[in-house]
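Student: what would the 3D arrangement of this be:
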Amino acid sequence: MEGPPVPYSRRPVPVPPPADGRPAGSAGRAVPPSRATRWRILIVTALVPVLLAALTTVQLVRPVPDPVVRLTASAAHTFEGAAPVLPWPAGGQAAVDVEGLGAMGSSGGSVSTPTASVAKVMTAYVFLRGHPLAAGADGPTYTISPAEAAQLPARKARGESHIDVVANQSFTEREALEALMIVSANNIAHEMARWDTGGLAPFVRKMNAAARSLGMTATTYTDPSGFDPGTVSTAADQVKLLRAAMRIPAFAEVVGERVYVPSDGGLARTGGNTLLGQGGVIGGKTGFTSAAGGNYVFAARRRVGGVHTLIVGAVMGQPAITSAASAVEAGRGLITAAGDALTAATLARPGDRVAVVDDGLGGRTPLVASAPVTVIGWPGLTVRLRLDGVVPRPAAEGDRLGSLTAGARRFPLVLGGPLDGPSVEHRLLRLP
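Tutor: This is a model prediction of the structure:
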């Protein structure tokens, strides 16, 4: 017999299992992991150091980036002020250039004009390239041909500059260059052409080839002396030539001499470059013919801010009757004004950082100036700076590593710290 019914509110309510999936009544008791879970934990624990070791190896053996060297100082310096106005001659042509910096200015256009004896600069330049002469040396001996000796009376009758010669007379290379550049002897110019190539035409071809190589695009040579009015050039081209010739020590020595003293005991003769030794003038060449007028090319050295600076210029086509004196006088004014316009600026002191070697992984080694970085220029000029010869290599602090070039000058750079490649830390932590 059934008992009385139980009220609805007193019926037992089923208890749901715990949310963590454990059996009811197990709350608070730790359940050990299954065997599969334990194996997974062991495998991961064993693989972690292997993966770390592999990653470390990969990071260490990966090629490192090529180091990059870059300026940290300004890549250019502009001198304040307006560009200088030089006393250009009223007629003819003129040009002034500063070694390593470029043209300071020019006047008179660029129409080719007869060079007169200024052509002998090219004759000397070509001859010295084919027959190098050590500074202070006399060089080999050459002899005057009977044919050239026989032409002497005709040269005198035409009013050509010359020295008296006889057949088979001996000249050392230096004596010939002195007669060519100081006395401006046309007959020696023609003999030097013969000594070099055996004849006039092949030597003139060499002169024109040399002009092309120097960028003298408005120049044509038809003879080695400049007496032929077909030998023409411009002031700007002659500056290019004299700048190149002055780099040859034997040439610079000869054009720096005031007097030609013949070895046969004849009378000494003074050259036409009357400015030698004045205003820093260290060389040059004059030229005059009725077709060319007065011409003058010059080289002068000025000391600016403790730096020796070379000024090269040319004056052509000046009014003249018997000599190049008017061209020389015009050159005097240009030399003085150009020298006075030059100024200096110190961009870095010894020890100042001017560049850095970046290893591409976060390491940066400074390059510092080992001497004052002083640039030369004139108002309005911008001088560019560039790094030269900097080849990153393992080196110690204080070792020289390349140079900084500004204008015609190079300034040695040294390491401000050791340069031994990226550190292990940087190689490990680099991103892919």
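
Student: quick one, helices of the stretch 51-200 of the chain?
Tutor: Taking DSSP state H, counting those that start in this stretch, the helices of the stretch 51-200 of the chain run over residues 120-130, 146-150, 152-157, 173-178, 186-197, 200-213.

Student: for the third one, packing partners?
Tutor: When contacts are defined as 3 or more Cβ pairs under 8 Å, 6 or more residues apart in numbering; DSSP states H and E, helix 152-157 sits against helix 186-197. (Each C-beta comes from the backbone N, C-alpha and C, glycine too.)

Student: and the helix it packs on, what's its mean pLDDT?
Tutor: Here helix 186-197 scores 98 as its mean pLDDT.

Student: from the middle of its chain, how far away would it be?
Tutor: From the chain centre to the centre of helix 186-197 is a distance of 34 Å (Cα atoms, centre = their mean, to the nearest Å).

Student: check stretch 273-288 too.
Tutor: From the chain centre to the centre of stretch 273-288 is a distance of 26 Å (Cα atoms, centre = their mean).

Student: got the end-to-end distance for it?
Tutor: 12 Å (Cα to Cα, to the nearest Å).

Student: in TSV: the helices of the stretch 51-200 of the chain, plus distance to Ala252 and mean neighbour count.
Tutor: Output for the helices of the stretch 51-200 of the chain, formatted as TSV (distance: least, Cβ to Cβ, whole Å; neighbours: other Cβ atoms under 10 Å):
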stretch	distance to Ala252	mean neighbour count
helix 120-130	11	23
helix 146-150	28	13
helix 152-157	28	12
helix 173-178	11	23
helix 186-197	18	23
helix 200-213	18	16
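
Student: as JSON lines, those with distance to Ala235 would be great.
Tutor: Listed next are those as JSON lines, based on distance: least, Cβ to Cβ, whole Å:
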{"stretch": "helix 120-130", "distance to Ala235": "13"}
{"stretch": "helix 146-150", "distance to Ala235": "32"}
{"stretch": "helix 152-157", "distance to Ala235": "28"}
{"stretch": "helix 173-178", "distance to Ala235": "24"}
{"stretch": "helix 186-197", "distance to Ala235": "21"}
{"stretch": "helix 200-213", "distance to Ala235": "14"}
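
Student: which strand or helix spans Ser326?
Tutor: Using DSSP states H and E, Ser326 sits in helix 325-341.

Student: list the buried residues for that helix?
Tutor: Neighbour counts over helix 325-341 (16 or more other Cβ atoms under 10 Å) mark 325-332, 334-339, 341 as buried.

Student: which of the residues you listed lies closest to His190?
Tutor: Ala327 (24.1 Å; Cβ to Cβ).

Student: shouldn't that closest one be in contact with Phe298?
Tutor: No. Using Cβ atoms under 8 Å, Ala327 is not in contact with Phe298, being 9.6 Å away.

Student: which stretches in the stretch 201-350 of the chain count as strands?
Tutor: 232-233, 259-260, 269-270, 281-289, 293-304, 307-318, 343-348 (DSSP state E, counting those that start in this stretch).

Student: what angle do the fourth one and strand 307-318 make?
Tutor: Put simply, strand 281-289 runs at 10 degrees to strand 307-318, going by axes from the mean of the first three to the mean of the last three Cα atoms, to 10 degrees.

Student: for Leu177, find the nearest of the strands of the stretch 201-350 of the chain.
Tutor: Of those, nearest to Leu177 by Cβ to Cβ is strand 259-260, at 10.2 Å.

Student: what's next to that closest one, contact-wise?
Tutor: Here strand 259-260 makes contact (Cβ atoms under 8 Å, 6 or more residues apart in numbering) with Ile163, Glu178, Ala179, Ile182, Val183, Ala268, Arg269, Thr270, Gly271.

Student: return the helix holding Ser326 as PDB; C-alpha atoms alone will do.
Tutor: What follows is helix 325-341, C-alpha atoms only, in PDB (Å, rounded to 0.1, in the frame of the first residue of the first chain):
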ATOM      1  CA  ALA A 325     103.500  92.700 -71.300                       C
ATOM      2  CA  SER A 326      99.800  93.700 -71.400                       C
ATOM      3  CA  ALA A 327      98.700  90.200 -70.700                       C
ATOM      4  CA  VAL A 328     101.100  89.800 -67.900                       C
ATOM      5  CA  GLU A 329      99.800  93.000 -66.300                       C
ATOM      6  CA  ALA A 330      96.200  91.800 -66.600                       C
ATOM      7  CA  GLY A 331      97.400  88.500 -65.000                       C
ATOM      8  CA  ARG A 332      98.900  90.400 -62.100                       C
ATOM      9  CA  GLY A 333      95.500  92.000 -61.200                       C
ATOM     10  CA  LEU A 334      93.700  88.600 -61.400                       C
ATOM     11  CA  ILE A 335      96.300  86.900 -59.200                       C
ATOM     12  CA  THR A 336      96.100  89.500 -56.500                       C
ATOM     13  CA  ALA A 337      92.300  89.600 -56.500                       C
ATOM     14  CA  ALA A 338      91.800  85.800 -56.600                       C
ATOM     15  CA  GLY A 339      94.300  85.400 -53.700                       C
ATOM     16  CA  ASP A 340      92.600  88.000 -51.600                       C
ATOM     17  CA  ALA A 341      89.200  86.400 -52.200                       C
END
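
Student: what is it packed up against?
Tutor: In terms of contacts (3+ Cβ pairs under 8 Å, 6+ apart), helix 325-341 is packed against strand 93-98, strand 281-289, strand 293-304, strand 307-318.

Student: tell me which of those strands lies nearest to Gln151.
Tutor: Nearest to Gln151, of those and by Cβ to Cβ, is strand 281-289 at 18.0 Å.

Student: quick one: low-confidence ranges for this structure?
Tutor: For the chain, the stretches with pLDDT under 70 are 1-31, 46-48, 50-66, 359-362, 420-432.

Student: and it, what are its domains?
Tutor: Structurally, the chain divides into domains by automatic domain parsing as follows: 34-63, 68-78+346-429, 110-341.

Student: do you know which of the ones you listed lies nearest Pro87?
Tutor: Minimum separation from Pro87 across these (Cβ to Cβ) falls at domain 110-341, 4.3 Å.

Student: what about the closest one, distance to the chain center?
Tutor: Domain 110-341 has its C-alpha centroid displaced from the chain centroid by 26 Å (Cα atoms, centre = their mean).
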